[in-house]
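Participant: what follows is a predicted protein model with its sequence.
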Amino acid sequence: MVDKKTIREWCRSSNYRPTFYGDDPSIVILGEKHGTPKHRQKEEEMIELVRPEYLLTELLDVRTYNPQTKEEKFLPGVPIDEFDRMNLEGGIEDYMVKWSEKYGLFLVGMDLSYAEMGLVIDNLYAEHPNYEFTSQSPKVCLYREKRMGERMAEYKQKTARTIVAIMGDYHRRPKSGIHPILQKKGISYVCIPQP
């Protein structure tokens, strides 16, 4: 596992301000603005520093990638629909596949599937028929963040190594639904925003 001092030194050299929850973190959460090349570069630096077994990312929804078999699959037991299937056919971003194969990382999606997102939005519409919900609506994000926290806790149980999780910076904010889940499980972690 990577220690707090190593993370602090990396953050200092990157001019990032980490927030630690507990002692030596077993999960490093990197907030990003999706598609920013500088963020990708810094994310790869963190992966190289930490050498995680699992890289969890919002961008894969509920898909996984195994670098040994080079197979992309859905997480088992998750409801999927035609939009999820189309997403699977679209493949994974090249840079993620390169990271996976270069560092031997298992890629794991930690967001809702399209099918799950549809159910959440339908339920919210039933409660609030005059409000328009999207995947970015705060009430929807709480469901998404709950899933992200649950997935991080689940995969932390599968490895003694530190996990790296990458998500939109909004999701790592102090009021995110991720924090109560990780804290209830007694998991130490660090949140690092990327400006």
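Facilitator: Perfect, thanks for sending it.

Participant: list the contacts of the residue nearest the centre of the chain.
Facilitator: Using CA atoms, centre = their mean, the residue of the chain that lies closest to the mean C-alpha position is Thr57, 3.3 Å off. By CB atoms under 8 Å, 6 or more residues apart in numbering, Thr57 lies in contact with Met96, Leu107, Val108, Gly109, Met110, Ala165, Ile166, Met167. From N, CA and C alone the C-beta is placed, and that goes for glycine too.

Participant: equivalent analysis for Tyr155, please.
Facilitator: When the contact criterion is CB under 8 Å, 6+ apart, the partners of Tyr155 are Tyr54, Leu56, Val108, Ile163.

Participant: count of neighbours near the nearest residue to Tyr21 once chain neighbours are set aside?
Facilitator: Nearest residue to Tyr21 in three dimensions, chain neighbours excluded: Tyr189, at 5.3 Å (CB to CB, 6 or more residues apart in numbering). Neighbour count of Tyr189, defined by other CB atoms under 10 Å: 23.

Participant: isn't Tyr189 right next to Val28, touching?
Facilitator: Yes: in this structure, Tyr189 is within contact of Val28 by CB atoms under 8 Å, at 7.2 Å.

Participant: can you check the pLDDT for the residue nearest to the centre of the chain?
Facilitator: For Thr57, the pLDDT comes out at 97.

Participant: any idea what it is bridged to?
Facilitator: In this entry, Thr57 is beta-bridged to Gly109, Ile166, by DSSP bridges.

Participant: now the helices for this protein?
Facilitator: Along the chain, counting by DSSP state H, helices occupy 4-14, 37-50, 82-90, 94-103, 114-127, 138-156, 178-184.

Participant: relative to Gln194, which of these is closest?
Facilitator: helix 37-50 (4.9 Å; CB to CB).

Participant: so what touches the closest one?
Facilitator: Counting by CB under 8 Å, 6+ apart, residues outside helix 37-50 touching it are 2, 6, 10, 14, 16, 28, 30, 32-33, 55, 95, 99, 103, 105, 161-162, 164, 166, 192, 194.

Participant: just the buried ones from those?
Facilitator: The neighbour count (16 or more other CB atoms under 10 Å) marks 2, 10, 14, 16, 28, 30, 32, 55, 99, 103, 105, 162, 164, 166, 192, 194 as buried among those.

Participant: I figured the first one was touching Ile27, is that so?
Facilitator: No: taking contact to mean CB under 8 Å, the distance of 10.4 Å between Val2 and Ile27 leaves them out of contact.

Participant: shared neighbours of these two, anything?
Facilitator: Thr162.

Participant: ok, back up a step: how close does the residue nearest to the centre of the chain get to Gly35?
Facilitator: 13 Å (CB to CB, to the nearest Å).

Participant: for the residue nearest to Tyr21, give the beta-bridge partners.
Facilitator: Tyr21, Ile27.
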